[in-house]
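**Q** Provided below for reference: sequence and predicted model.
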Amino acid sequence: WGVGYLTARGWGRKPFYIAHLCVHPIRVVLILLVMWTGAGKGWLASTELVGGLTGALGIVNQFMRADIVLGSGRFGVVDGYIATIRGVAAVSSQYLGAVILEGQGPFVALGISFFIAIIPPIIGYIFVPETLGMREIDFR
């Protein structure tokens with residue numbers, strides 16, 4: 001709804017992609033603030049709503065992948081590759097987070113999580129092309 005509506009009016013997909021990648025660092029900062037101020041479990045649970053934006057904005061990833069591989073017949077290959085990378089990243093993240101949490105505490109673990117989480121938006125901003133309009137290109 002939102003992304004399709006705005007891209008039909010000339011907005012590119014890259015801003016939504018970058019916003020999607022920025023959700024996790026923002027959520028980590030909010031969790032740190034809630035923990036630091038002792039605001040309570042209700043506020044901590046509300047940070048999960050911010051995490052819900054990941055799902056809402058995540059559809060942009062599919063659109064961008066489709067734009068980039070259009071005409072190549074490789075969408076499934078790229079989708080499988082990205083799913084594998086996400087799986088490895090999820091397992092590694094859980095293990096690393098648990099090790100740091102047990103050894104250093106929650107503030108250090110969340111701080112490291114924040115600094116790791118700001119890397120993808122930076123890389124995406126610099127290296128990922130705007131894909132709006134790529135479907136009009138003739139690939140023959």
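**A** On my side now, so go ahead. Numbering: from 1, shown residues only.
**Q** Over to Trp11. Which of the three states is it?
**A** Put simply, Trp11 is coil when judged by DSSP: H, G, I helix; E, B strand; the rest coil.
**Q** Identify the residues contacting the nearest residue to it once chain neighbours are set aside.
**A** Leaving out its chain neighbours, the residue that sits closest to Trp11 by CB to CB, 6 or more residues apart in numbering is Leu132, at 7.5 Å. For every residue, glycine as well, the C-beta is placed using N, CA and C. Leu132 sits next to Thr7, Trp11, Gly12, Arg13, Lys14, Asp67 when contact means CB atoms under 8 Å, 6 or more residues apart in numbering.
**Q** Make TSV out of those and add distance to Ala98.
**A** Output for those, formatted as TSV (distance: CB to CB, whole Å):
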residue	distance to Ala98
Thr7	39
Trp11	40
Gly12	38
Arg13	35
Lys14	34
Asp67	37
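**Q** in the protein, which helix or strand is least confident?
**A** helix 2-8 (a mean of 69; mean pLDDT, DSSP states H and E).
**Q** Next, the buried residues of whatever helix or strand comes next after that one.
**A** Next helix or strand after helix 2-8 toward the C-terminus (DSSP states H and E): helix 14-37. Neighbour counts over helix 14-37 (16 or more other CB atoms under 10 Å) mark 14-32, 34 as buried.
**Q** same thing with stretch 69-89?
**A** Val69.
**Q** pLDDT (mean, whole number) over that stretch?
**A** Here stretch 69-89 scores 88 as its mean pLDDT.
**Q** now the residue nearest to Trp11, what's its secondary structure?
**A** Per three-state DSSP, Leu132 ends up coil.
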